[in-house]
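Asker: A structural model of the following input is requested.
(one chain, ligands or ions: 1)
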Amino acid sequence: MSSDSPVLVDFDEGIAWVTLNRPEKRNAMNPALNETMVRVLDELEGDDRCQVLVLTGAGDSFSAGMDIKEYFRDVEAAENPTISLIRARRASSQWQWKWLSMWSKPTIAMVNGWCLGGAFIPLVACDLAVAAEEAQFGIADVNWGIPPGGILTKSLSAVMSQRDALYYIMTGENFDGRAAQRMGVVNEAVPREELRTRTRELALKLASKNPYVLRASKVGYRHASQMAWDQAEDYLYAKVEQTQHLDPERSRVNGMKQFLDEKSFRPGLGNLRRP
Ligand code: COA
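Answerer: You can find the predicted model right below:
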């Protein structure tokens, strides 16, 4: 991927660092970036160099949200605006929410700076998030004189309380990484100079776990949270059985043997069992 691509991918010990790369536009997400991200997610899913994906932004921004010119104004002014709009929205929602939230490998958002408007969608879609304490978050739509569109508000409701979400949706104020951590928008906020080290540490921890179990756990969590209780219970049992069938490491059987018979494994101490 050339250095002028809207998305950069670097590999490092099982981590794929995926960088939104339009720093001169604060990594605003235009149709070219969205279409590239669809391809990147598709390719990385089958790439063994990627066990964990970290999503971040080039320069001092995570992303300033949807590209106001190329995603909104240019698309609406196109020769056939209806079709242009459908295409632009399809690529955007495909990677930012549909694929990313159910992606088969673990994902971490590393919020290095501005995270505005539509940027919350891929942020929430990532499994975990680490922010710089100094990063600025905001849902600026009300400042534009429009209500938040697409799936932005819905995704906020997955990580913020109603009071917090409505406060920031209705005032258009920004908040920093520390406040994002307090509200549960990110898992952790760390000083900017420690951001990459801490994110890498977390990514390596996820890379050390059984990938079949991680996949079933995260997809199971996302789907079950949308289901009725009885359906969720049945579905999650089915996920356990599916994983036993798919897992070449036979984690469950071997883990029980090591815990009960060999006494060589204490999962409650945070130990990792691998064959
Ligand atoms: N869409 C399109 N272009 C954007 C953009 C966006 N969301 N955010 C920033 N840019 C562009 C600016 O137009 C400018 O382009 P130019 O150099 O061709 O004039 C460039 O990025 C730098 O932006 P600038 O405003 O000069 O940088 P800044 O560091 O002073 O401020 C922001 C950064 C992010 C605070 C400011 O650009 C901003 O408010 N952006 C809009 C954020 C927003 O409302 N997002 C919601 C979209 S859903």
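
Asker: Sort out which residues of the lengthiest helix in the chain are buried, please.
Answerer: If you go by DSSP state H, the chain has its longest helix at helix 229-246. Under the neighbour-count criterion of 16 or more other C-beta atoms under 10 Å, helix 229-246 has 232, 236, 239, 243 buried. All C-beta spots, glycine's among them, are computed from the backbone N, C-alpha and C.

Asker: Likewise for stretch 79-96?
Answerer: Neighbour-count burial for stretch 79-96, counted by 16+ other C-beta under 10 Å, picks out 84, 87-89, 91-92, 94-96.

Asker: same deal with stretch 117-129?
Answerer: 117-129.

Asker: for stretch 163-173, same thing?
Answerer: By neighbour count on 16+ other C-beta under 10 Å, the buried set for stretch 163-173 is 164-165, 168-169.

Asker: What are the contacting residues of that stretch?
Answerer: 137-143, 148, 153, 156-157, 160, 175, 183 (C-beta atoms under 8 Å, 6 or more residues apart in numbering).

Asker: show me the contacts for the one residue in the stretch 101-250 of the chain that gets nearest to the ligand.
Answerer: Using C-beta to the nearest ligand atom, the closest approach of the stretch 101-250 of the chain to the ligand is made by residue 117 at 2.7 Å. Contact analysis of residue 117 by C-beta under 8 Å, 6+ apart lists 64-66, 138-141, 148, 152.

Asker: The residues you listed in strands, which ones?
Answerer: Counting by DSSP state E, the contacts of residue 117 place residue 138 in strands.

Asker: Need the contacts of residue 117 in TSV (columns: pLDDT).
Answerer: Formatted as TSV, these follow (pLDDT from 0 to 100):
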residue	pLDDT
64	98
65	97
66	96
138	98
139	96
140	91
141	93
148	92
152	95
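
Asker: Top of the contacts of residue 117 by number of neighbours, please.
Answerer: The most neighbours of any of these, using other C-beta atoms under 10 Å, belong to residue 139, which has 28 neighbours.

Asker: who are the neighbours in contact with that residue?
Answerer: 116-117, 120, 148, 152, 156, 168-169, 172.

Asker: Where is pLDDT lowest across these?
Answerer: Least confident entry in those, by pLDDT: residue 148, with 92.

Asker: how about the residues of the stretch 1-150 of the chain near the ligand?
Answerer: 25-26, 28, 64-69, 114, 116-118, 140 (C-beta under 6 Å from any ligand atom).

Asker: what's the farthest-apart pair in the residues you listed?
Answerer: 69 and 114 (16.8 Å; C-beta to C-beta).

Asker: Who has more neighbours out of the two?
Answerer: residue 114 (23 against 12).

Asker: Now do the same for residue 150: its pLDDT.
Answerer: pLDDT, read off for residue 150, is 84.

Asker: give me phi/psi at residue 13?
Answerer: phi 50, psi 50 (degrees, to the nearest 10).

Asker: nearest residue to it other than its sequence neighbours?
Answerer: Leaving out its chain neighbours, the residue that sits closest to residue 13 by C-beta to C-beta, 6 or more residues apart in numbering is residue 204, at 6.6 Å.

Asker: swap in residue 63?
Answerer: residue 119 (3.8 Å).

Asker: Who are the contact partners of that neighbour?
Answerer: Residue 119 neighbours (C-beta under 8 Å, 6+ apart): 27, 29, 62-65.

Asker: Let's see that with 7 Å instead.
Answerer: Going by C-beta atoms under 7 Å, 6 or more residues apart in numbering, residue 119 touches 62-65.
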